[in-house]
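Enquirer: model the following, please.
(one chain, ligands or ions: 1)
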Amino acid sequence: MSSHFLQSFPASRLRRLRQSGWIRSMTAETQVSAADLVWSIIIHDGSTARSPVAAMPGVDRLNIDEAVKAAQKAEALGIPAIAMFPHINPELKDADGSESLNPDGLVPTAIRAMKAAAPNVGIICDVALDPFTSHGHDGLIDSAGYVLNDETTAILVEQALMQGRAGADIVAPSDMMDGRIGALRRGLEKDGQVNTMILSYAAKYASGFYGPYREAIGSATALLGDKKTYQQDPANSDEALREVALDIQEGADLVMVKPGLPYLDIVRRVSETFSVPTLAFQVSGEYAMIQAAAQQGWIDGPRVMLETITCFKRAGASGVVTYFADKVAETLA
Ligand code: PBG
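Expert: Below you'll find the predicted structure:
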């Protein structure tokens with residue numbers, strides 16, 4: 001904005017445009033609608049329909065019947081897509097995460113059921129091994145605990161192909177291995193899955209905000225060490241642009257910045273630099289903070305929830321992945 005447009009007081013009284021609801025909404029620079037949301041859900045193969053996640057009040061792990069209901073709810077509310085994350089029975093976990101390739105496993109079974117019940121809701125599948133590995137890492141590890149890049153990528157390709165065959169619309173690698181987007185794209189093309197989209201968690205940081213999620217999927221107690229040798233350092237911003245540039249070059253259709261609110265500067269830079277749909281992930285710890293304060297009566301939960309979505313969009317996000325999606329959509333309806 002150039003100073004050319006500035007008038008001095010009282011010609012400019014900026015409060016004139018704030019005096020009532022109709023003029024505020026008429027001049028609002030950012031609009032939020034249900035179409036901006038991706039609903040992240042946790043699924044499980046437990047015997048109970050819903051099992052609460054203690055660190056995420058209001059979020060339950062859903063069995064397949066409940067996941068189907070969630071898909072129908074998303075459709076009714078105008079939420080375009082669901083991103084699902086599995087809590088896997090600990091007995092099925094091993095060092096290689098082999099259950100991740102089971103075509104009759106929890107994830108592909110859920111995809112088929114949700115697609116049958118709500119075909120117009122996009123299904124986004126997490127591509128990573130951490131829900132399936134006994135050590136809680138996103139890939140294979142060597143004897144020193146180092147996560148192996150190329151060996152992991154080969155398995156991720158198999159995992160994504162299996163998800164695509166089950167009906168996933170978007171495969172979303174959240175693992176941060178180098179070169180996995182190119183490998184996934186080549187694998188999908190070769191398999192005839194030319195329209196399966198790739199949402200790359202391109203700029204994903206090694207963050208403390210994932211704590212509640214690790215409880216939700218049951219990887220917290222297992223996790224050996226941390227994920228700093230593959231996820232990004234929160235200190236870096238230029239590095240995020242390199243990550244995104246590479247992933248676009250390798251064939252990502254959409255990119256993600258994660259976590260969300262503390263990383264809005266990254267959302268802004270990515271969305272301004274690249275002409276590619278940029279999602280932001282309001283992760284489990286962000287959800288937990290808002291819910292915890294709201295439960296105490298310290299903040300107005302629904303108001304803060306909607307405010308955060310507005311802020312993501314104002315920063316340049318094309319959409320927001322959030323555990324609040326149903327609540328936000330209900331508020332907007
Ligand atoms: C890992 C993965 C993580 C989340 C989704 N996929 C966390 C991690 O890196 O441990 C976090 C989601 C959230 O916190 O809501 N593949």
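Enquirer: which positions within the helix or strand of the chain with the lowest mean pLDDT qualify as buried?
Expert: The weakest-scoring helix or strand in the chain, judged by mean pLDDT, DSSP states H and E, is helix 211-217 (a mean of 93). Buried residues in helix 211-217, counted by 16 or more other C-beta atoms under 10 Å: Pro212, Tyr213, Arg214, Glu215, Ala216, Ile217. From N, CA and C alone the C-beta is placed, and that goes for glycine too.
Enquirer: could you say what helices and strands the helix with the most length in the chain packs with?
Expert: If you go by DSSP state H, the chain has its longest helix at helix 149-166. Helices and strands touching helix 149-166, as assessed by 3 or more C-beta pairs under 8 Å, 6 or more residues apart in numbering; DSSP states H and E, comprise helix 106-117, strand 122-127, strand 170-173, helix 180-190.
Enquirer: closest to Gly139 out of the ones you listed?
Expert: Checking the helices and strands packed on helix 149-166 against Gly139 by C-beta to C-beta gives helix 180-190 as the closest, at 9.6 Å.
Enquirer: which residues does the next helix or strand after the closest one contact?
Expert: Per DSSP states H and E, the first helix or strand lying C-terminal to helix 180-190 is strand 197-204. For strand 197-204, contacts defined as C-beta atoms under 8 Å, 6 or more residues apart in numbering pick out 124, 169-176, 181, 184-185, 188, 231-232, 240, 243-244, 247-248, 251-258, 263, 266, 270, 279, 281.
Enquirer: could you point out which element follows the least confident helix or strand of the chain?
Expert: Past helix 211-217, the next helix or strand by DSSP H and E is helix 238-250.
Enquirer: for that following helix, buried residues please.
Expert: Ala240, Leu241, Glu243, Val244, Leu246, Asp247, Ile248, Glu250.
Enquirer: pull the CA atoms of that helix into PDB?
Expert: C-alpha atoms of helix 238-250 as PDB (Å, rounded to 0.1, in the frame of the first residue of the first chain):
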ATOM      1  CA  ASP A 238      14.200 -20.800   3.500                       C
ATOM      2  CA  GLU A 239      14.600 -24.500   3.800                       C
ATOM      3  CA  ALA A 240      10.800 -24.800   3.600                       C
ATOM      4  CA  LEU A 241      10.800 -23.200   0.200                       C
ATOM      5  CA  ARG A 242      13.500 -25.700  -1.000                       C
ATOM      6  CA  GLU A 243      11.300 -28.500   0.300                       C
ATOM      7  CA  VAL A 244       8.200 -27.200  -1.500                       C
ATOM      8  CA  ALA A 245      10.100 -26.500  -4.700                       C
ATOM      9  CA  LEU A 246      11.400 -30.000  -4.900                       C
ATOM     10  CA  ASP A 247       8.100 -31.600  -4.100                       C
ATOM     11  CA  ILE A 248       6.300 -29.600  -6.800                       C
ATOM     12  CA  GLN A 249       9.000 -30.500  -9.300                       C
ATOM     13  CA  GLU A 250       8.600 -34.200  -8.400                       C
END
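Enquirer: now that helix: mean pLDDT?
Expert: Mean pLDDT, helix 238-250: 98.
Enquirer: ok, stretch 38-52 next?
Expert: Mean predicted confidence for stretch 38-52 is 95.
Enquirer: Pro208 against Gly285, yeah?
Expert: One thing to correct before we go on: residue 208 is Gly, not Pro. Yes - if you go by C-beta atoms under 8 Å, Gly208 and Gly285 touch, sitting 6.7 Å apart.
Enquirer: more neighbours: which of these two?
Expert: More crowded of Gly208 and Gly285, by other C-beta atoms under 10 Å: Gly285, with 20 against 10.
Enquirer: what's the helix or strand for the more buried one?
Expert: helix 284-296.
Enquirer: for that helix, packing partners?
Expert: helix 211-217, helix 301-314.
Enquirer: is the ligand within reach of it?
Expert: Yes - Helix 284-296 reaches the ligand (C-beta under 6 Å from any ligand atom) through Ser284.
Enquirer: what does that helix contact?
Expert: By C-beta under 8 Å, 6+ apart, the residues outside helix 284-296 that reach it are 55-59, 207-213, 216, 259-261, 299-301, 304-305, 308, 322-324.
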